[in-house]
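Colleague: need a structure here:
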Amino acid sequence: MEVSGAFKIGAGAVPNRVGQRNFSRATPSEAGRFGVDYVKAHITKSVNLEILLRGECPEELKKQQLDLYRSADTYEKPVNEFTTDDFMRLTSAVLSEKMGNCGDLCMIAARAIVENGYPHPVQLCSIKGTMEGLYLNHIFVRICGSPQDKKVQHHLIDPFLQMLSPSEQQNLIGTTQPKTFAEPEYFEHLYCYATNDQTGKARLLSVPEISDFFSGSVGTVSLTSDKKIQFVSALSSELSKVRQDQRR
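Modeller: Have a look, this model is predicted:
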């Protein structure tokens with residue numbers, strides 16, 4: 001499938017890399033740890049983190065976040081409808097302003113991993129829904145392993161939760177989340193950001209509390225055959241499948 005707007009590695013590359021890496025042979029776990037460290041090294045502000053930790057966020061910070069989305073021309077555009085151009089503009093804006101929310105942090109982690117040569121798909125996965133007056137809206141990253149190596153497990157990372165210190169994690173979830181963990185361990189280690197419809201306060205819910213709300217991948221970041229970064233949204237992927245079925 002041809003993807004318009006794919007970006008060549010090194011052209012407009014992720015700025016201020018944390019060292020030069022070559023992930024062409026990296027495991028999902030190695031790539032995941034790098035992605036988390038990259039986010040923590042480059043992001044200093046987040047509206048959602050402010051609300052989670054302090055119960056509110058300064059209006060000026062909220063305005064900065066909205067201005068960031070407008071500057072990237074992605075304001076109110078769902079991630080599952082992004083093009084590669086949208087993905088690159090937004091991640092560049094997030095890195096430039098050093099701020100972002102959950103999905104933004106996942107996107108820059110995925111971009112950094114793939115831009116350093118990771119050869120397998122990196123997926124953005126969403127949890128979304130409403131439950132007992134709570135609005136669930138969270139994105140995490142699924143780093144796929146080589147399909148040729150059946151022993152290698154896919155790994156998950158949550159750059160947003162990893163922005164919290166160990167003591168903050170203990171206060172909010174009663175434990176600490178591993179930097180990266182194998183996909184079968186998601187039930188134990190994954191959490192979801194949720195806001196109260198009435199108060200606007202935020203909390204983190206465990207997977208056992210919200211297991212009915214998984215909605216799967218909203219987009220995939222990967223390298224094309226000529227080493228260009230591409231973002232294929234879930235919507236684009238579905239449309240491609242429909243077109244293929246129509247040709248049969």
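Colleague: surely Gln123 meets His155?
Modeller: No. Gln123 is beyond contact range of His155, at 11.2 Å (criterion: CB atoms under 8 Å). No exception for glycine: its C-beta is placed from N, CA and C like everyone else's.
Colleague: who has more neighbours, the two?
Modeller: Between Gln123 and His155, counting by other CB atoms under 10 Å, His155 is the more crowded of the two (25 against 22).
Colleague: find the centremost residue of the protein, please.
Modeller: With the centre of the chain defined as its mean C-alpha position, the nearest residue by CA atoms, centre = their mean is Cys106, 2.0 Å away.
Colleague: helix, strand, or coil at Ser24?
Modeller: coil (DSSP: H, G, I helix; E, B strand; the rest coil).
Colleague: which ones are touching Ala93?
Modeller: Ala93 makes contact with Leu68, Tyr69, Ser71, Ala72 under the criterion CB atoms under 8 Å, 6 or more residues apart in numbering.
Colleague: hmm, 7 Å instead?
Modeller: Leu68, Ser71, Ala72 (CB atoms under 7 Å, 6 or more residues apart in numbering).
Colleague: circling back to that earlier point, ramachandran coordinates for the residue nearest to the centre of the chain?
Modeller: phi -60, psi -40 (degrees, to the nearest 10).
Colleague: so it touches Ile143, yeah?
Modeller: No. At 11.1 Å, Cys106 does not count as touching Ile143 under the criterion of CB atoms under 7 Å.
Colleague: immediately after the helix or strand bottoming out on mean pLDDT in the chain, which helix or strand?
Modeller: Using mean pLDDT, DSSP states H and E, strand 7-8 stands out as the lowest-scoring helix or strand of the chain, at a mean of 39. Downstream of strand 7-8, the next assigned helix or strand under DSSP states H and E is helix 28-42.
Colleague: can I get the helix or strand following that next one in PDB, CA atoms only?
Modeller: For helix 28-42, the succeeding helix or strand toward the C-terminus, using DSSP H and E, is helix 47-54. In PDB, the C-alpha atoms belonging to helix 47-54 read as follows (Å, rounded to 0.1, in the frame of the first residue of the first chain):
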ATOM      1  CA  VAL A  47      -2.500  19.300  31.300                       C
ATOM      2  CA  ASN A  48      -3.700  15.800  32.200                       C
ATOM      3  CA  LEU A  49      -0.800  15.300  34.600                       C
ATOM      4  CA  GLU A  50      -1.600  18.500  36.400                       C
ATOM      5  CA  ILE A  51      -5.300  17.500  36.800                       C
ATOM      6  CA  LEU A  52      -4.300  14.000  38.000                       C
ATOM      7  CA  LEU A  53      -1.800  15.300  40.500                       C
ATOM      8  CA  ARG A  54      -3.300  18.500  41.700                       C
END
